[in-house]
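Visitor: any chance you can model this:
(chains A, B, C and D)
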Number of protein chains: 2
Amino acid sequence: METVRQKRCEAQARVIKALAHPTRVFLVEELANGPRCVCELTALVGTDISTVSKHLAILKNAGIVQDERRGTQIFYSLRVPCILNFFQCVGAVLEAVAEEHQAVVLNARA
Amino acid sequence: METVRQKRCEAQARVIKALAHPTRVFLVEELANGPRCVCELTALVGTDISTVSKHLAILKNAGIVQDERRGTQIFYSLRVPCILNFFQCVGAVLEAVAEEHQAVVLNARA
DNA sequence: TTCTTATTTGGCTAAAATAGAAAATAGGAA
DNA sequence: TTCCTATTTTCTATTTTAGCCAAATAAGAA
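Guide: Reported below is the predicted structural model:
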């Protein structure tokens, strides 16, 4: 494949990879409701704060979220709102899969 | 986080993870133009056919593509068209990042 | 059946991702 | 300054992924 296209696919994969983790999906979803500080997010996720911090750093690096210090805390927020449509499509895939399973079950019974 | 939500995030992450590789982004993009057999895709990608086959299996497992045998060949095709809007948003993220870099450079010069 | 082509699968190694614990930083308050 | 809280970074162990080669499978042709 041509180099330009290859570079583009690599860049896209880098962004997608940043979203490819359950905790990070959760974080993005949560940030859709507005800015949250790391401590709030940590409480919601329920793992070590250093782990949450690292997940946020990955999202930030990919350009998906941004951070802002407010006194002693750091608030993260979504940078690109369309990221939520993104999840809609993922939902569509999951529905398609679920329907297929349903069909398989029905066929097995028939 | 509640278990139901956790399960949902895990399911979403599984789909997203299937897309989180340059070659798989390329394959999905290519399949947007219509069904292609493994050998065609292999020629385009330029790696070992077994590698391409495994990437396709990952996409199929996630419910993103489907396969169909036609004689001696197996054709893959997109199962969920909206997967392409998906990439649009990724493009938006990349643009946002590019703009920021631009801004940083300009500030540095000023 | 045997040969040939197309594709998948198993085995192996190298590289990348993940998570927690502990140490380092940053800012505000006493 | 010293203490305290919030966050990031470093270190280390573990797990997951990626890619090539070789072997296995599948379907059609001879």
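Visitor: from here on, contacts and neighbour counts on C-alpha atoms
Guide: Noted.
Visitor: what separates stretch A:49-56 from the chain centre, distance-wise?
Guide: Mean-position distance between stretch A:49-56 and its chain equals 14 Å (CA atoms, centre = their mean, to the nearest Å).
Visitor: now do stretch A:95-102
Guide: On CA atoms, centre = their mean, the centre of stretch A:95-102 falls 23 Å from the chain's centre.
Visitor: what's next to it, contact-wise?
Guide: B:63, B:80 (CA atoms under 8 Å, 6 or more residues apart in numbering or on different chains).
Visitor: what residues sit buried inside it?
Guide: Neighbour-count burial for stretch A:95-102 flags A:96-97 (criterion: 16 or more other CA atoms under 10 Å in any protein chain shown).
Visitor: same deal with stretch A:69-85?
Guide: Buried-residue list, stretch A:69-85, by 16+ other CA under 10 Å: A:75-84.
Visitor: give me the subset of those residues that lies in strands.
Guide: A:75-78 (DSSP state E).
Visitor: would you turn those residues into JSON lines with distance to residue A:69 and pLDDT?
Guide: Compiled in JSON lines, these are given as follows (distance: CA to CA, whole Å; pLDDT from 0 to 100):
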{"residue": "A:75", "distance to residue A:69": "6", "pLDDT": "98"}
{"residue": "A:76", "distance to residue A:69": "9", "pLDDT": "98"}
{"residue": "A:77", "distance to residue A:69": "11", "pLDDT": "97"}
{"residue": "A:78", "distance to residue A:69": "15", "pLDDT": "96"}
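Visitor: just the residues you listed now: which is nearest chain B?
Guide: residue A:78 (10.7 Å; CA to the nearest CA).
Visitor: for residue A:73, grab phi and psi.
Guide: Phi and psi for residue A:73, reported as degrees, to the nearest 10, are phi -110, psi 160.
Visitor: not counting its neighbours along the chain, what's nearest it?
Guide: Closest residue in space to residue A:73, ignoring its immediate chain neighbours: residue A:37 at 6.3 Å, by CA to CA, 6 or more residues apart in numbering or on different chains.
Visitor: can you count the residues close to the one you found?
Guide: Neighbour count for residue A:37, taken as other CA atoms under 10 Å in any protein chain shown: 17.
Visitor: next, the buried residues of stretch A:33-44.
Guide: A:35-38, A:41-42.
Visitor: turn those residues into JSON lines, columns for pLDDT, secondary structure and distance to residue B:64.
Guide: Shown next, in JSON lines, are the buried residues of stretch A:33-44 (pLDDT from 0 to 100; DSSP: H, G, I helix; E, B strand; the rest coil; distance: CA to CA, whole Å):
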{"residue": "A:35", "pLDDT": "97", "secondary structure": "coil", "distance to residue B:64": "32"}
{"residue": "A:36", "pLDDT": "98", "secondary structure": "strand", "distance to residue B:64": "33"}
{"residue": "A:37", "pLDDT": "98", "secondary structure": "strand", "distance to residue B:64": "35"}
{"residue": "A:38", "pLDDT": "98", "secondary structure": "helix", "distance to residue B:64": "33"}
{"residue": "A:41", "pLDDT": "97", "secondary structure": "helix", "distance to residue B:64": "31"}
{"residue": "A:42", "pLDDT": "97", "secondary structure": "helix", "distance to residue B:64": "32"}
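Visitor: fine by me, thanks again.
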